[in-house]
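**Student:** fold the following.
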Amino acid sequence: MKVLIADDDIMIRYALAAVLAERGHETAEAKDGGEVIECLAAHPPQVVVLDLMMPKVTGFDVLRWMRDNDPEVRTLVIILSAFSAESGGFGDYPHVIDVLEKPVILDRFFDALDRCHRAASLAA
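**Tutor:** Numbering: from 1, shown residues only. All right, here's what the predicted structure looks like:
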C-alpha cells in the first residue's frame, strides 16, 4: 500500500518509513498538514498516518479538508498523536480507521494498517 506519514517529528517519520518499507509498503512523508493536503490533491495515498499537532496546518485541518474534498473516502487515516486521548471523537470524520497514541505500539499500528487494507479492498 501507499502510505503517507505526516508528522513534524523527523525521527517518527524516518522510523515508520523504515518499518513500513520492511513490510513492502511504499511511503511518502509530510512534515505539516499543508504538505499532506498537497499530496492528497495531487497523488492521494491509500493511507495517511496523521499527527494531529503539526505546525501551520494541523491534523484537524487535514481531516476537515478530507471530509470536504474526499467524500468517497478513497484515503483512510490512522491518527498517531501524543494528544489523541484528549482530542475527542472522530465520528464526523469517516476517513479515520483508528486513533493511536505515541509512543506507538507496532502491533496495534499494523493491526490498524491491516484494517485499512481490508476496508480499501472492500471498497474497490
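**Student:** pLDDT weak spots in this structure?
**Tutor:** Within the chain, the stretches with pLDDT under 70 are 84-88, 124.
**Student:** can you pull out the strands in the chain?
**Tutor:** 2-6, 26-30, 47-50, 76-81, 96-101 (DSSP state E).
**Student:** tell me which residues of the longest helix anywhere in the chain come out buried.
**Tutor:** Longest helix of the chain, by residue count under DSSP state H: helix 106-123. Buried residues in helix 106-123, counted by 16 or more other C-beta atoms under 10 Å: 109, 112-113, 116, 120. C-beta: built from backbone N, CA, C; applies to glycine.
**Student:** how about stretch 98-105?
**Tutor:** Of all the residues in stretch 98-105, those buried under the rule 16+ other C-beta under 10 Å are 98-100, 104.
**Student:** looking at those, which is nearest residue 91?
**Tutor:** Using C-beta to C-beta, residue 99 is the member of those that sits closest to residue 91, with 11.5 Å.
**Student:** ok so, going back, switch the buried residues of helix 106-123 over to JSON lines; also include distance to residue 66.
**Tutor:** Shown next, in JSON lines, are the buried residues of helix 106-123 (distance: C-beta to C-beta, whole Å):
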{"residue": "109", "distance to residue 66": "20"}
{"residue": "112", "distance to residue 66": "17"}
{"residue": "113", "distance to residue 66": "18"}
{"residue": "116", "distance to residue 66": "14"}
{"residue": "120", "distance to residue 66": "15"}
